[in-house]
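Peer 1: Whatever this is, show me its structure:
(chains A and B)
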2 protein chains.
Amino acid sequence: MVTIKMIADSLGISTSTVSKALNDATDISAELRQSVLEKAVEMGYTTKSSRKKVNRKLAVLIKNMAYGTQKDFGYNIVLGFRQAAMNRDWNVDVVDVTKDLMLTEKYDTFLLKHGFSGAFCLGFTLRDPWMAQFQNSQMATVLLDNFVSENPRVACIGTENTEGMEYVIRHLVTLHHRRIAFFCGEQHSRVSQDRLDAFERAMMSQGLTVHRDMVLFGDYLAPEVRNLLLPAFEKKATAIVCANDIIAAHVIDECQRYGLRVPEDISVIGFDDIPLASITEPPLTTIRQNRKNIGMLALTVLSELCDRVPIALVQIRPQLIIRESTAAANEKGYTLKVPTN
Amino acid sequence: MVTIKMIADSLGISTSTVSKALNDATDISAELRQSVLEKAVEMGYTTKSSRKKVNRKLAVLIKNMAYGTQKDFGYNIVLGFRQAAMNRDWNVDVVDVTKDLMLTEKYDTFLLKHGFSGAFCLGFTLRDPWMAQFQNSQMATVLLDNFVSENPRVACIGTENTEGMEYVIRHLVTLHHRRIAFFCGEQHSRVSQDRLDAFERAMMSQGLTVHRDMVLFGDYLAPEVRNLLLPAFEKKATAIVCANDIIAAHVIDECQRYGLRVPEDISVIGFDDIPLASITEPPLTTIRQNRKNIGMLALTVLSELCDRVPIALVQIRPQLIIRESTAAANEKGYTLKVPTN
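Peer 2: Residues are numbered from 1 along each chain as shown, chains lettered A, B, ... in the order given. Coordinates of the predicted model:
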């Protein structure tokens, strides 16, 4: 285990200075403190507080996700996490993470500086600077819907995609759909790949064929679906399954731009049941994650990681929410309008 | 919630009789007790003891897995589970489950009769009568390496297959293997399917091609590999990845029956690191699950299920164990001997 003495020796300073830096004392300079923290992180130092079991202080780090009011996606997740932490008398700080913060401070240094034993990270994408750092982080970390491989300090929590997709395809088959397209997220994202595998598996288990040109890839968060759906339209897809609700909302717009009515001409189905899903026109049929349970479980998983149990992945059961974006398959086919905008 | 009164009314007997049956009183007949228990299970009754948080009594139900001594696969799993239960002052009974028991008693009835709040089930296969019952069980249940879909009372615990397979393929690529076969388990088992998906993904991520006739299926527990490897031999596979160690042990035998030396002519690699893996000839390179961690985690997961958190799946990080069944790829090819036995 890395000790304060080892950090001091490696920097050629006294142990008391290192101790001051780690304990946020006021009588050393900010620069010196920062270099001690960075060296500590580099050497894999973990604070006593991260090893003790009482009075742990944990962070919920939120990037790009609303959580302030009950209608926000993150609200129940944070609530579940806080409640579970309260049961153990642990403290939770919720921190909004900006791109600036990620560029100026390393992830591990940030946690160490603020005395966090671990963090639950929400809303991070592959493009965020800390994502690459999670790969080698020494800090107990739980990621929502992201996956980092081969790091025993970092676990992923999410929804069981295979089962969710089974519900989706079974629902569509009940409505007599057979030509079903899939609009995936980024091709190299783990969640996209998992949901694509799940889609293929669910189609196969219903005896349906996955057409290669009916599987479409796009940006996960700001999907540019414009004209991307044409191959699916040409194959006369009667339903488009989307890897998340944001994509689904854009797909609905795009269908309408080509003069197709949802769900009369074509059904569209999402994944996640974010609050947006119930206010699209028409409201989205989608797969719900129980967000309060996810928050509570995240605390349990973080606690196990603090105790050095190398959890990789935890998934909860999904639930099919049927709204108005799906209907009986349109067997008569459809004619595309030339989009004007 | 189902009450004792509801069970009594449905059977047309008094609540005190139902209460006696549920509390294992001696002054009612075994037949009456059994019919009360079965009605209670049918109606979805859960005992008070399964809802309370202190003094829970849990079962470890073991089918077809040795756990008595330290060298046995199940030993550390049971130990981890017991230790984690002890920390919460919960009681654990370890029960060997026979086919006879499964045929004479329903799973839920068995747990209810013995006052168990939930169970951790090890070593069950698709052919075991209770496997179908897990699908609709009302009891908090954690399965090792089996998966039951769509039941919020049942969770699966196991190892992260994708990552394990990444280690396997990367190890083989380092040894210059390119023509790699995969010997899967039963085609319809969830674990087989997961490990096959993981194999394909890992091959792709290394830029390698998966040849359809190099993917072989067989029985998981008593693999009849005899002559099944011929397509892989004809394609000049230099390595055979197996979905578990038992298959791998049989594959080594089969290679040797055809006059091939392992690893000089062909490398063989397993999955699980059961104790057998270190005593095959040559000892198996394989993927290890941390079994004590699995046991400890199973207790945590069972506790969450008792609290009605619908966990589907928990996976821990795998570890590559390099032994002597893998070596540099044999680029010169090999000649098969006609097997004599």
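Peer 1: What about residue A:80, how many residues nearby?
Peer 2: Residue A:80 has 21 neighbours, counted by other C-beta atoms under 10 Å in any protein chain shown. To be clear about C-beta, it is placed using only N, CA and C from the backbone, and glycine gets the same treatment.
Peer 1: in what helix or strand does it lie?
Peer 2: helix A:75-87 (DSSP states H and E).
Peer 1: wait, does that helix contact chain B?
Peer 2: No. Judged by C-beta under 8 Å from any C-beta of the partner chain, helix A:75-87 stays clear of chain B, getting no closer than 9.5 Å.
Peer 1: nearest residue to residue A:213 other than its sequence neighbours?
Peer 2: Nearest residue to residue A:213, sequence neighbours excluded (C-beta to C-beta, 6 or more residues apart in numbering or on different chains): residue A:231, at 4.4 Å.
Peer 1: What separation do you get for the one you found and residue A:329?
Peer 2: 19 Å (C-beta to C-beta, to the nearest Å).
Peer 1: what's the answer for residue A:101, then?
Peer 2: Residue A:101 is 49 Å from residue A:329, by C-beta to C-beta.
Peer 1: okay, the two: which has more neighbours?
Peer 2: For residue A:101 versus residue A:329, neighbours defined as other C-beta under 10 Å are more numerous around residue A:329 (20 against 16).
Peer 1: show me the contacts for the closest residue to chain B within the stretch 51-200 of chain A.
Peer 2: Proximity of the stretch 51-200 of chain A to chain B (C-beta to the nearest C-beta) peaks at residue A:160, 3.9 Å away. Residue A:160 is in contact with A:315-318, B:312-313, counting by C-beta atoms under 8 Å, 6 or more residues apart in numbering or on different chains.
Peer 1: Residue A:272: what's it in contact with?
Peer 2: A:159, A:244-245, A:286-289.
Peer 1: can you redo the residues you listed as CSV with neighbour count?
Peer 2: Shown next, in CSV, are the contacts of residue A:272 (neighbours: other C-beta atoms under 10 Å in any protein chain shown):
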residue, neighbour count
A:159, 24
A:244, 26
A:245, 23
A:286, 31
A:287, 27
A:288, 17
A:289, 27
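Peer 1: what's next to stretch A:259-268, contact-wise?
Peer 2: The contact list for stretch A:259-268 (C-beta under 8 Å, 6+ apart) reads A:172, A:175, A:177, A:233, A:237-240, A:242, A:248, A:251-252, A:255-256, A:282, A:284-285, A:324-327, A:329-330, A:334-337, A:339.
Peer 1: can you give me the helices in chain A?
Peer 2: A:4-11, A:15-22, A:30-42, A:48-51, A:75-87, A:99-104, A:107-113, A:129-134, A:161-174, A:190-205, A:230-234, A:245-257, A:291-306 (DSSP state H).
Peer 1: could those go into CSV alongside mean pLDDT and distance to residue B:185?
Peer 2: Shown next, in CSV, are these (pLDDT from 0 to 100; distance: least, C-beta to C-beta, whole Å):
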stretch, mean pLDDT, distance to residue B:185
helix A:4-11, 88, 48
helix A:15-22, 85, 50
helix A:30-42, 82, 43
helix A:48-51, 56, 40
helix A:75-87, 93, 37
helix A:99-104, 94, 43
helix A:107-113, 94, 40
helix A:129-134, 94, 33
helix A:161-174, 95, 18
helix A:190-205, 87, 17
helix A:230-234, 90, 35
helix A:245-257, 92, 35
helix A:291-306, 94, 29
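Peer 1: How about the residues of the stretch 151-300 of chain A by chain B?
Peer 2: Going by C-beta under 8 Å from any C-beta, the residues of the stretch 151-300 of chain A near chain B are A:152, A:160, A:162-163, A:166, A:193, A:197, A:201, A:290, A:293, A:296-297, A:300.
Peer 1: which residue sits closest to the most centrally placed residue in chain A, ignoring its sequence neighbours?
Peer 2: The central residue of chain A, meaning the one whose C-alpha is nearest the mean C-alpha position (C-alpha atoms, centre = their mean), is residue A:145 at 2.9 Å. Using C-beta to C-beta, 6+ apart and skipping the chain neighbours, the partner closest in space to residue A:145 is residue A:158 (4.7 Å).
Peer 1: Identify each buried residue in stretch A:294-314, please.
Peer 2: A:294-306, A:309-314 (16 or more other C-beta atoms under 10 Å in any protein chain shown).
Peer 1: how far is that stretch from where the chain is centred?
Peer 2: Here stretch A:294-314 is found 15 Å from its chain centre; the criterion is C-alpha atoms, centre = their mean, to the nearest Å.
Peer 1: show me where the stretch 201-341 of chain A has strands.
Peer 2: A:215-216, A:239-242, A:267-269, A:286-288, A:311-316, A:319-321 (DSSP state E, counting those that start in this stretch).
Peer 1: mind giving me CSV with the ones you listed and columns for distance to residue B:126 and mean pLDDT?
Peer 2: Below are those laid out as CSV (distance: least, C-beta to C-beta, whole Å; pLDDT from 0 to 100):
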stretch, distance to residue B:126, mean pLDDT
strand A:215-216, 30, 90
strand A:239-242, 29, 96
strand A:267-269, 31, 97
strand A:286-288, 27, 95
strand A:311-316, 21, 95
strand A:319-321, 26, 95
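Peer 1: Make TSV out of those strands and add distance to residue B:73.
Peer 2: Below are the strands of the stretch 201-341 of chain A laid out as TSV (distance: least, C-beta to C-beta, whole Å):
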stretch	distance to residue B:73
strand A:215-216	40
strand A:239-242	40
strand A:267-269	42
strand A:286-288	36
strand A:311-316	20
strand A:319-321	36
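Peer 1: who wins for proximity to residue A:32 among those?
Peer 2: Residue A:32 lies closest to strand A:311-316 among the strands of the stretch 201-341 of chain A, at 36.5 Å (C-beta to C-beta).
Peer 1: Listing partners with orientation, what would you give for that closest one?
Peer 2: strand A:154-159 (parallel), strand B:311-316 (antiparallel) (DSSP bridges).
Peer 1: which one of those lies closest to residue B:110?
Peer 2: Set against residue B:110 and scored by C-beta to C-beta, the strands paired with strand A:311-316 come closest in strand B:311-316, at 22.3 Å.
Peer 1: Other residues contacting the closest one?
Peer 2: A:160, A:163, A:297, A:309-317, B:147, B:149, B:155-161, B:289-290, B:293-294, B:297, B:301, B:304-305.
Peer 1: make it 6 Å
Peer 2: A:160, A:310-317, B:155-160, B:293, B:297, B:301, B:304 (C-beta atoms under 6 Å, 6 or more residues apart in numbering or on different chains).
Peer 1: And for stretch A:114-127?
Peer 2: Contacts for stretch A:114-127 (C-beta under 6 Å, 6+ apart): A:49-50, A:56-65, A:74, A:81, A:131, A:139-144, A:146, A:189, A:298, A:302, A:306.
Peer 1: For that stretch, measure first residue to last.
Peer 2: Stretch A:114-127 has an end-to-end distance of 25 Å (criterion: C-alpha to C-alpha, to the nearest Å).
Peer 1: Can you give me the neighbour number for residue A:87?
Peer 2: Neighbour tally, residue A:87, other C-beta under 10 Å: 10.
Peer 1: same question but for residue A:235, I mixed them up
Peer 2: Going by other C-beta under 10 Å, the residues that sit close to residue A:235 add up to 13.
Peer 1: And it, how far from chain B?
Peer 2: If you measure residue A:235 against chain B using C-beta to the nearest C-beta, to the nearest Å, the figure is 25 Å.
Peer 1: Tell me the buried residues in stretch A:61-72?
Peer 2: Buried-residue list, stretch A:61-72, by 16+ other C-beta under 10 Å: A:61-63, A:65, A:67.
Peer 1: Would you work out how far apart the start and end of it are?
Peer 2: Per C-alpha to C-alpha, stretch A:61-72 runs 16 Å from first to last residue.
Peer 1: got it, and stretch A:304-318?
Peer 2: With C-alpha to C-alpha, one end of stretch A:304-318 sits 23 Å from the other.
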